[in-house]
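In: Turn this into a model:
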Amino acid sequence: MRNVARLWAVVAGFAAFQPALADPRAAPLPWSAPATTQVTTWERRFTSGDTELAGTLYMPAGRKPVAAVVVTHSASSPLRNASLYDHLKTALPALGIAVFVYDRRGSGQSGTKTAGGDFTILADDAIAAARSLKADPRIDPKRIGIWGLSQGGWIGPLAASRSPDIAFVIAVSAPVVTADVQMLFSSTNHLRANGHSKAEIDQMIATRKAVDAYMRGTGSHEAAQRMIDAAKTQPWFKYTYMGETVRDRAVSGWRREIENDPLKNLTAVTVPTLVLYGADDAVVPVAVSVERLQAIAARMPKMEVHSIAGADHAMAMSVDRAVSLDPKHDGTERPDSPEYMTLLASWLALGGLVTR
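Out: The predicted structure is shown next:
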């Protein structure tokens with residue numbers, strides 16, 4: 001009963017979550033009471049391949065080794081201090097779970113060379129992060145998992161399929177379709193939400209399909225570049241997240257992304273897996289993703305899937321759709337769905353990952 005009461009106390013704290021993280025080193029106010037959960041932060045560096053990456057470990061105080069969550073990044077939030085990850089840093093230590101957030105390779109203090117669209121490299125970075133935590137005596141080496149949102153939700157299952165060091169996976173807003181299908185869905189909704197006409201949407205779709213056809217080897221580079229040249233001056237082009245020059249498919253990171261089928265990665269995962277979607281997600285085709293997951297559910301008894309009412313792609317309920325789909329707000333997401341917070345906390349607790 002104490003565990004259940006503690007769980008609901010944490011859930012209540014999740015729902016009332018304030019974006020700013022308190023600095024544990026700051027002088028307390030004269031009327032303040034000591035916090036029940038004491039969290040220390042530790043700067044850590046680890047090596048993945050030939051690259052050194054930098055991150056921060058949020059460690060709850062305690063005498064027993066604790067479970068840990070490694071965070072894998074959404075495409076628009078590559079830095080460890082992104083607001084998207086604040087709720088994890090605040091709430092998971094209250095459950096007795098450490099959180100490790102690092103700068104994605106090519107960002108912040110993790111070097112200058114990106115993965116170039118190679119999800120395998122990003123998955124191996126997450127594996128390397130988990131292995132670095134295994135050497136810490138404060139961390140239970142058998143209870144290290146991954147939380148990732150959007151693109152990070154692709155990376156987590158891929159990492160778990162490649163390494164026995166990953167004990168569990170939490171994939172949030174992870175499309176179970178290829179990247180070209182997901183971006184076509186997303187770009188269409190971006191244009192609709194920002195008032196663009198059917199003719200503009202049709203031009204965008206034709207442009208994306210021309211580029212994707214070239215990347216898949218069924219279209220020409222010249223045809224794809226002509227479509228891009230006609231589109232790049234249009235006011236809606238920013239919503240496509242496409243470059244103005246079509247790269248050679250032999251070296252294109254986009255080609256590598258669209259050749260990755262996340263369903264294949266998921267079916268190779270044998271550890272407990274929580275998949276969460278926002279029912280109002282305009283970035284990911286949730287209905288198709290859930291349908292594909294239902295088709296493999298019998299083969300994945302350790303997978304649990306939920307679609308959360310009222311939540312958008314970032315598990316937020318308080319953001320206007322046009323604002324959430326405006327590129328200038330990329331990287332400012334803050335989850336605030338109480339149902340998301342409850343499901344996340346309860347799944348972790350029922351999975352034996354809470355340490356007290």
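In: can I see the domain layout of this structure?
Out: As assigned by automatic domain parsing, the chain contains the domains 2-16+37-177+264-350, 179-256.
In: Would you mind finding the most buried of these?
Out: Scoring the domains of the chain by mean neighbour count under mean count of other C-beta atoms under 10 Å gives domain 2-16+37-177+264-350 as the most buried, with a mean of 19. Placement of C-beta: from N, CA and C, glycine included.
In: Pro28: which of the domains of the chain is closest?
Out: domain 2-16+37-177+264-350 (12.5 Å; C-beta to C-beta).
In: re earlier: could I get the domains of the chain in CSV, plus columns for mean pLDDT and distance to Trp31?
Out: Conversion of the domains of the chain to CSV gives the following (pLDDT from 0 to 100; distance: least, C-beta to C-beta, whole Å):
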stretch, mean pLDDT, distance to Trp31
domain 2-16+37-177+264-350, 92, 19
domain 179-256, 95, 45
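In: ranges for the helices of the stretch 1-150 of the chain?
Out: 2-15, 86-91, 119-134 (DSSP state H, counting those that start in this stretch).
In: what residues does the longest one touch?
Out: Contacts with helix 119-134, where a contact means C-beta atoms under 8 Å, 6 or more residues apart in numbering, come from 44, 46-49, 51, 53, 55, 57, 68, 70, 72-73, 98, 100, 102, 104-105, 115, 139, 141, 144, 146, 148, 154-156, 158-159, 162-163, 165-166, 256-257, 260.
In: before we move on, what about stretch 239-250?
Out: 183, 187, 190-191, 194, 204, 207-208, 211, 214-215, 217, 221, 224-225, 228, 231-232, 253-255, 325, 327.
In: The residue nearest to the spatial centre of the chain pairs with what?
Out: Nearest to the geometric centre of the chain sits Leu149, at 1.8 Å (C-alpha atoms, centre = their mean). When bridges are assigned using DSSP bridges, the partners listed for Leu149 are Val172.
In: For Gly108, see how far away it is.
Out: Relative to Gly108, Leu149 is positioned 18 Å away (criterion: C-beta to C-beta, to the nearest Å).
In: What is the longest helix of the chain by residue count?
Out: If you go by DSSP state H, the chain has its longest helix at helix 198-215.
In: Which strands or helices does that helix pack on?
Out: When contacts are defined as 3 or more C-beta pairs under 8 Å, 6 or more residues apart in numbering; DSSP states H and E, helix 198-215 sits against helix 179-193, helix 221-231, helix 253-258.
In: May I have it as CSV, with CA atoms only?
Out: Output of helix 198-215 as CSV, limited to C-alpha atoms (Å, rounded to 0.1, in the frame of the first residue of the first chain):
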residue,chain,number,x,y,z
LYS,A,198,-5.7,22.2,-51.3
ALA,A,199,-3.6,23.2,-54.3
GLU,A,200,-0.7,24.0,-52.1
ILE,A,201,-1.0,20.8,-50.2
ASP,A,202,-1.1,18.9,-53.5
GLN,A,203,2.1,20.6,-54.7
MET,A,204,3.8,19.7,-51.4
ILE,A,205,2.7,16.1,-51.7
ALA,A,206,4.0,15.9,-55.3
THR,A,207,7.3,17.5,-54.2
ARG,A,208,7.8,15.1,-51.3
LYS,A,209,6.9,12.1,-53.4
ALA,A,210,9.4,13.1,-56.2
VAL,A,211,12.2,13.4,-53.7
ASP,A,212,11.3,10.1,-52.0
ALA,A,213,11.0,8.3,-55.3
TYR,A,214,14.5,9.4,-56.2
MET,A,215,15.8,8.2,-52.8
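In: can you list the residues that contact that helix?
Out: Outside of helix 198-215, the residues that reach it under the criterion C-beta under 8 Å, 6+ apart are 180, 183-184, 187-188, 191-192, 219-221, 223-224, 226-228, 230-231, 234, 236, 239-240, 242, 246, 249, 252, 254-255, 258.
In: Now do that helix against helix 179-193, angle only.
Out: For the pair helix 198-215 and helix 179-193, the angle between their directions (axes from the mean of the first three to the mean of the last three C-alpha atoms, to 10 degrees) equals 170 degrees.
In: list the contacts for Ser163?
Out: Ser163 makes contact with Ile127, Ala130, according to C-beta under 8 Å, 6+ apart.
In: ok, now how distant is it from Ala130?
Out: If you go by C-beta to C-beta, the gap between Ser163 and Ala130 works out to 7 Å.
In: Assign a three-state SS to Pro335, would you?
Out: On the three-state scheme (DSSP: H, G, I helix; E, B strand; the rest coil), Pro335 is labelled coil.
In: could you say which helix or strand contains Arg249?
Out: Remark: Arg249 resides in no helix or strand, with elements defined by DSSP states H and E.
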